[in-house]
Structures are given as C-alpha cells and as structure tokens.
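1. Quick one: sequence and predicted model below, then my questions.
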Number of protein chains: 2
Amino acid sequence: MRIIETIEEMKIFIKQAKAKGLSVGLVPTMGSLHEGHLTLMRQAKKQSDIVVVSIFVNPTQFGPNEDYAKYPRDLSGDSVQAGTAGVDVIFHPQAQEMYPKGYSSFIEIDGITQKLCGLSRPGHFRGVATVVTKLFNIIQPDIAFFGQKDAQQVLVLKRMVSDLNINVVIEIVPIVREKDGLAMSSRNAFLSAEERSAALVLFRSLQLAKQLVARGDVKVEDIRQQVVANIQLEEMAQIDYVEIYSYPLLETMDKMIGKALLALAVRIGKTRLIDNIILEG
Amino acid sequence: MRIIETIEEMKIFIKQAKAKGLSVGLVPTMGSLHEGHLTLMRQAKKQSDIVVVSIFVNPTQFGPNEDYAKYPRDLSGDSVQAGTAGVDVIFHPQAQEMYPKGYSSFIEIDGITQKLCGLSRPGHFRGVATVVTKLFNIIQPDIAFFGQKDAQQVLVLKRMVSDLNINVVIEIVPIVREKDGLAMSSRNAFLSAEERSAALVLFRSLQLAKQLVARGDVKVEDIRQQVVANIQLEEMAQIDYVEIYSYPLLETMDKMIGKALLALAVRIGKTRLIDNIILEG
C-alpha cells in the first residue's frame, strides 16, 4: 500500500492506472478509521480494481467553533487498518496542499442544505461539496463510497453529481453499528464511559420511531414529539435537532406515507453525534 | 459536422472519441458567432483532434434585468460558420436540459469576482463558472479556448481550474477587432449606425492609455482619470466602470509597474460593451 501526499503524484498514479484500463474506487474519509470506514473500503475493493482512501481532515467543512483542531488524527493506525481492508493507496495531503494561499473556489448546493446539519453547521456542506469535488478531479474515481450515517451528506453529493454532470457513481453503504446499537463514528472516541452509555439514547429513539410506525402511527409530528421526549429522558443529552422529512427529497410531510428520513443530532456532553433511520409508512 | 442536443448523447460521443485516443478541444460560446469565436475555433482545430463548440445562451449568467431573452440566437447561421472553421460537433442543449427542475448546485469564486463585471453584474461569474464546470464534465476537453475580450472571465476560470484541480488547460486567445478597432462582440448587433460609431470611444480610450504609459506616465489614477474624461467626450457613452488593476492578480496599484489590466464597461445607448488592454509599465 502506498501513501501519497501530493496532488501531482496522485494524478500521475491515477493516469497510469487508467492507462492500464483499471477502474478506481474512492473512499473519502477524515481518518480515525473505524469499522464503518472499513466496510466502505471492503465494498470498494469488491467493485473496483484500485481502491484509494483519502485521509484529510478538511478545514473548510468545520465551523469556527467546531472541533477541527482536536478532531482525532492517527495516520499510522489508519494505515494498518486500511491495509487489512485491501486498500491500494492512501491519499493524505496537507491542508496547504489542498487549499494553497489565495484559494477561493467553492461549491454551493442550495435547498437541500438549508435544513438539518446545514442549519446547525452553516458552511459545512459547502466545505464537503468543495473537497469532494477536488478529490473527484484529482482521483477521478469510477465509483465513490459514502456511509448512510451521513444521510444528508449523501443526498447533497448525489444532487451535486447530478446537477454538475460529474462522471462518478455515488454508492451508499448502510450504517455500521456497535453491538449495542451505537452508530460507529470517529467522534465516539471523545465520549467518557458514562457518556458512551448515555449516547445509546440515539439508537433507542430511532428504534422507538420504527416501532411507532410499525404499529400504525401515521402523524409525523406525533412520532417526532415522542422521539424528542424519549431523548429528553436522558439527562446528559441535549438535542440539536430531531426531524422527519420525506426521503430522498427531504420535504416536510404530515403523514407517514412512503419513505421518510428520521435524522437526529444530539450533544452528549461536548460531543455532537448524529444518527438516522429510513422509516417506511 | 454533428449537432448534439442532449447531455447523454454528448457524453457517449466523447467516450467514443477518448477510447480512440483522440484529444478534445472545447470552445464554449453563447452562439451568434463572429470572427472572434471563429478565431478560437481555428486555434482549437490546430491543437486538438476533435473540436466541440457549445452554443448555449446560459440563463444563470444573466441578471434579472439583463438581456437574456433578447440575446441574439441564430443556430443555422452559426452552424454554417462553425463548419467553415473545421468544427466537428456543435453541442446545443436547451435550458431545461442543462438546468432541470430542482437544479441547485453552483460554483462560487470569491475575491477576484468582487470587482469589475462582478460588481455590476452580481451572480454573473457564478453562472459562468457553473456552466463551464458542467460543460467540462460533459465534454471532458483536454483544452478549452476563451477570448481575452472577457479578461476577468478568463482569470476567474483559471482560478477555478487551479483551485478545484480540474484536468483542463485554459488557452487564452487575443481580442479580435473590426478594422476600425471595435472589439468583436455578439452584442454589437444591437448597435444603430450612430451607436456603432460612438462605440469606437472604447478602443480610442484604450489606445490613449497605451500612449500615456509609453510616454512615461506612471500614476495609475491619473491615467484612469484621463481615460474616463476621454470616454465622457462621447455623448452617447455612459460609463459602467473604468478600472486599472495589476495583472493577473487584479490587485489595486498606485504606480504603473509591471503588467496592468485596463478594463472598460461602457453603455452605448442600451447596449453594454466591454473591452480591455494589458498595459506594461
């Protein structure tokens, strides 16, 4: 497995791979890899000749008061894990390689970004769309793999690829969870033992909603309120948002008809966690 | 010469050309072709195996009170001209093909767009950058050809290509002028005979600035004021802007040292014309 740190070297590698007729799968990550990422990589390996994993803590997708500086970084640990998943190349640029002095180009997706994480993290999806566009241009993947855990991110990127006629297939991989249901996240490392236990309230709330829908509840606002009440039972939890939207268009809905996304963002102590489920009414 | 109207058909054509190892040159236009465009096409033919000309009056680069509806359109005339210049394909999509219902992705370039035409035409460069990105993704040119007449556009697109790591070379072709000096423009068709004559004040003013620099004038603001005064001598002319910036960074400068861009936007009657010259102090 190679580790490539410059855009130029990465482009040369890809050019050579393409000249041999090899297909390229990309798994964009911010590192601090966990089983969720490894699932993406194994999936990429099944569908591509060459798997490139980018490890880049992207400054433009963090707000000024967010955890960019303390976001966990562990390239050597990540390399070992990526190697076991069959990854061919880790692309690991420095921030000034990706955003040199004078940098000033950004991708903005309207509409779908004006809710959920887009509301609580202004500029977040601008940063995500921009770095993913750069990675697509540098690595030119045939398929790029993203986790359903970041449900809104996946929808934003699908919108972008469709709107801008980008020649990349977006493949979504289901959420990977710990045995007790907590969704895998690099930010779980920030949780104390007590917080780790409290964090289970997210998964429990998603399951509650699933049961409500299964037993025939159809009023979306009622379901949402019960999820809110359930989270509020956990003293360490502070709700950022609890929303139910139609899926995949993310439009408001009154009754549970067709597919819906229940998305949560909840602070446990200082750590903001997200989780979601697709409900079918 | 083929005329292709859908994105899908265009992508298939390009895929086949690339599979044969052919290089692709792109000349993006809004049609209403003139000798300036044809010069771009002939240059493209010299440097590429296949030349694609896009003819698309792009709605997103026009402001609400601008001339989108009345912008001149003449596909059959354009086809004849493009054929004589050796063009292989005209890509001529409808607006709803490029911007279907729900379209919401845009490219924003900060900094360099906050002056000149970016000030008088808010959103203009957002529209230009967005449509050019789409054309690049659809047509995947090795080289794209633009005229120096749109000096700021060229700088914005070079910034975008560099920032977003786009795999396209931007080639700039000098301004093509009528015998009397008027820069070629599709909008010249709007001019009455009297206005056509008045419009020469743009070229005369650029020549005046060149002479001032040649005789050793170095105070940028003095030169700018003389250009303004010269344009004001023409009764039919109304100045939108007259600016001198360092080239290519477009930074303010006090003394004429190194390269500078003198850029003009002037209304002659209802028609807004632009022109420019690179001065060397």
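-> Looks like it arrived, so ask away. Just so you know, these numbers come straight off a predicted model, no measurement behind them. Residues are numbered from 1 along each chain as shown, chains lettered A, B, ... in the order given.

2. What ranges does the stretch 101-250 of chain A have for its helices?
-> Per DSSP state H, counting those that start in this stretch, the stretch 101-250 of chain A carries helices over the ranges A:117-120, A:124-139, A:151-163, A:193-198, A:200-214, A:220-232.

3. can I get these in a markdown table with mean neighbour count, distance to chain B and mean pLDDT?
-> The C-beta positions use only the backbone N, C-alpha and C, and glycine is treated the same way. Output for the helices of the stretch 101-250 of chain A, formatted as a markdown table (neighbours: other C-beta atoms under 10 Å in any protein chain shown; distance: least, C-beta to the nearest C-beta, whole Å; pLDDT from 0 to 100):
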| stretch | mean neighbour count | distance to chain B | mean pLDDT |
| --- | --- | --- | --- |
| helix A:117-120 | 18 | 12 | 93 |
| helix A:124-139 | 24 | 4 | 98 |
| helix A:151-163 | 22 | 4 | 98 |
| helix A:193-198 | 14 | 37 | 98 |
| helix A:200-214 | 18 | 27 | 98 |
| helix A:220-232 | 16 | 22 | 98 |
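
4. any chance of those in CSV, plus distance to B:His37?
-> Converted to CSV, those look like this (distance: least, C-beta to C-beta, whole Å):
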stretch, distance to B:His37
helix A:117-120, 41
helix A:124-139, 28
helix A:151-163, 27
helix A:193-198, 64
helix A:200-214, 57
helix A:220-232, 54
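
5. And the helix or strand in which A:Gly36 is found, what does it pack against?
-> According to DSSP states H and E, A:Gly36 maps onto helix A:35-47. Judged by 3 or more C-beta pairs under 8 Å, 6 or more residues apart in numbering or on different chains; DSSP states H and E, the packing partners of helix A:35-47 are strand A:24-29, strand A:50-55, helix A:75-84, strand A:143-147, strand A:169-173.

6. Dump the ones you listed into CSV; add mean neighbour count, mean pLDDT and distance to B:Lys134 as well.
-> As requested, those are exported to CSV (neighbours: other C-beta atoms under 10 Å in any protein chain shown; pLDDT from 0 to 100; distance: least, C-beta to C-beta, whole Å):
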stretch, mean neighbour count, mean pLDDT, distance to B:Lys134
strand A:24-29, 26, 98, 21
strand A:50-55, 26, 98, 24
helix A:75-84, 15, 97, 34
strand A:143-147, 22, 98, 19
strand A:169-173, 17, 98, 17
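
7. between those, which one is nearest to chain B?
-> With C-beta to the nearest C-beta as the measure, strand A:50-55 is the member of those nearest chain B (12.5 Å).

8. residues in contact with that closest one?
-> Strand A:50-55 has contacts (C-beta atoms under 8 Å, 6 or more residues apart in numbering or on different chains) with A:10, A:14, A:17, A:22-31, A:33, A:37, A:41, A:44-45, A:75, A:78, A:82, A:85-92, A:135, A:139, A:141.

9. Can you give the strand pairings for that strand, parallel or anti for each?
-> According to DSSP bridges, strand A:50-55 forms sheet pairs with strand A:24-29 (parallel), strand A:89-91 (parallel).

10. Would you mind getting the angle between that strand and helix A:35-47?
-> Calculated by axes from the mean of the first three to the mean of the last three C-alpha atoms, to 10 degrees, strand A:50-55 forms an angle of 160 degrees with helix A:35-47.

11. Okay, angle between strand A:50-55 and helix A:124-139 too, please.
-> Interaxial angle of strand A:50-55 relative to helix A:124-139 (the same axes, to 10 degrees): 140 degrees.

12. count of neighbours near whichever residue of the stretch 1-150 of chain A sits closest to chain B?
-> Distances between the stretch 1-150 of chain A and chain B by C-beta to the nearest C-beta are smallest at A:Ser105, namely 3.6 Å. Here the number of neighbours of A:Ser105 (other C-beta atoms under 10 Å in any protein chain shown) works out to 25.

13. What residue, apart from its backbone neighbours, is nearest it spatially?
-> B:Asp163 (3.6 Å; C-beta to C-beta, 6 or more residues apart in numbering or on different chains).

14. same question, A:Gln152
-> A:Leu116 (5.0 Å).

15. I am assuming the one you found contacts A:Ala265, so please confirm or correct that.
-> Yes: in this structure A:Leu116 lies within contact range of A:Ala265 using C-beta atoms under 8 Å: 7.3 Å.

16. Tell me which of the two has more neighbours.
-> A:Leu116 (25 against 21).

17. shared neighbours, A:Leu116 and A:Ala265?
-> Common neighbours of A:Leu116 and A:Ala265 (C-beta under 8 Å, 6+ apart) are A:Tyr241.

18. Give the closest residue to A:Met30 in space, chain neighbours not counted.
-> Closest to A:Met30 by C-beta to C-beta, 6+ apart is A:Val57, at 4.8 Å.

19. I misspoke; the intended subject was A:Asp110.
-> Residue nearest to A:Asp110 in three dimensions, not counting chain neighbours: B:Ser104, with 4.2 Å by C-beta to C-beta, 6+ apart.

20. neighbours of that neighbour, just the number please.
-> With other C-beta under 10 Å as criterion, B:Ser104 counts 17.

21. Spit out the contact partners of it.
-> A:109-112, A:159, A:163.
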